[in-house]
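# Here is a sequence together with a model predicted from it:
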Amino acid sequence: MTTVFIISAPSGSGKSTLVTAIKQLVDNLEFSVSYTTRQPRGSEEPGRDYYYTSRDVFERMIARGDFLEWADVFGNYYGTAKKFLDDAEGRGFDLLLDIDVQGATQLQEKLPNAVSIFILPPSRAELEKRLRRRSSAEKMTDEAVIRRRLETATREIEKYTEYGYILVNDQLSDSIDALRAIILAERLRAAGRAADGNEDKNTLLLAESRRLENVKDGLGPILDSFRRVSVEE
């Protein structure tokens, strides 16, 4: 049976880097490439980062019911096509979805057994640094765009309690290890398998340490760094 993994994060949290790494490390895992009506940025490539399409085509897909979820973000549509889940199920693979909080809410209603993972930056200051670095690389240094992404991040982060697992992406290698552990641990549970050997036990322990109920008490400083600036502004 196919397990669906939902990954969400504010823009600039390192989600794409994590997803790229995990696709190389975990077998039998399909990745759903979203559709969007926005233009490519920087080094993005059609079919690898997104399927780029027009508003007319996207709206026809909505009308046909082609999407598992879709959302209007900053005036552009983003959506996950149902065909990716159908293809994964046909191949006996699990499915990894990289979607924002709007889409995650829709999917959690449609797929209540989906595994949800929220990626947090270590602080607002670090997120702003990453956004500025990425914007510079994409030659998009519009200050208004950066501020808008930070404001959106503040709103999105308040939704962290709706996710089953939380990853604070401070050290990339640690985050990759934790994300891999979550996927493998959920596979063990889906298969009804007990831990077999130290490797499985360590995987389950690492995944369990990232469950919402086990990390939420330590998230105060991160959340406060966003709330404090929001109040000041």
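Right, received. Where do you want to start?
# Ser54 contacts Gln39, doesn't it?
No - using Cβ atoms under 8 Å, Ser54 is not in contact with Gln39; the gap is 11.1 Å. Quick note: C-beta positions are derived from backbone N, CA and C, even for glycine.
# any idea where the helices of the chain begin and end?
15-25, 55-64, 82-91, 101-110, 124-137, 143-157, 172-190, 198-208, 212-215, 220-232 (DSSP state H).
# Can you lay out those as CSV showing distance to Asp49?
Shown next, in CSV, are the helices of the chain (distance: least, Cβ to Cβ, whole Å):
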stretch, distance to Asp49
helix 15-25, 8
helix 55-64, 16
helix 82-91, 15
helix 101-110, 16
helix 124-137, 13
helix 143-157, 17
helix 172-190, 19
helix 198-208, 28
helix 212-215, 29
helix 220-232, 27
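# Which of those helices comes out lowest on mean pLDDT?
Lowest mean pLDDT within these: helix 220-232, a mean of 79.
# one step back: please tabulate the helices of the chain in TSV, including the columns distance to Val33 and mean neighbour count.
Below are the helices of the chain laid out as TSV (distance: least, Cβ to Cβ, whole Å; neighbours: other Cβ atoms under 10 Å):
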stretch	distance to Val33	mean neighbour count
helix 15-25	11	16
helix 55-64	14	13
helix 82-91	8	15
helix 101-110	14	18
helix 124-137	19	16
helix 143-157	21	16
helix 172-190	18	18
helix 198-208	26	15
helix 212-215	28	14
helix 220-232	29	13
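# what's the closest of these to Ile166?
Of all these, helix 212-215 sits nearest to Ile166, with 4.8 Å by Cβ to Cβ.
# What is the closest one packed up against?
strand 165-168 (3 or more Cβ pairs under 8 Å, 6 or more residues apart in numbering; DSSP states H and E).
# and the residue lying closest to Phe118 once chain neighbours are set aside, what is it in contact with?
Spatial nearest neighbour of Phe118, chain neighbours left out: Tyr163 (3.9 Å); criterion: Cβ to Cβ, 6 or more residues apart in numbering. Tyr163 sits next to 6, 8, 104, 116-118, 212 when contact means Cβ atoms under 8 Å, 6 or more residues apart in numbering.
# Just those residues: which are in strands?
6, 8, 116-118 (DSSP state E).
# thinking again about what came up before, Thr2: which of the helices of the chain is closest?
Proximity to Thr2 (Cβ to Cβ) singles out helix 82-91 among the helices of the chain, at 4.7 Å.
# circling back to that earlier point, so which one among the contacts of Tyr163 has the lowest pLDDT?
Looking at the contacts of Tyr163 by pLDDT, the weakest one is Ala104, with 91.
# Any figure for the gap between it and Ala195?
The spacing between Ala104 and Ala195, counted by Cβ to Cβ, to the nearest Å, is 29 Å.
# Gln171 too?
Counting by Cβ to Cβ - Gln171 and Ala195 are separated by 25 Å.
# quick one: which of those two has more around it?
More crowded of Gln171 and Ala195, by other Cβ atoms under 10 Å: Ala195, with 14 against 10.
# Next, the contact list for that one, please.
Contacts of Ala195 by Cβ under 8 Å, 6+ apart are 188, 201, 203-204.
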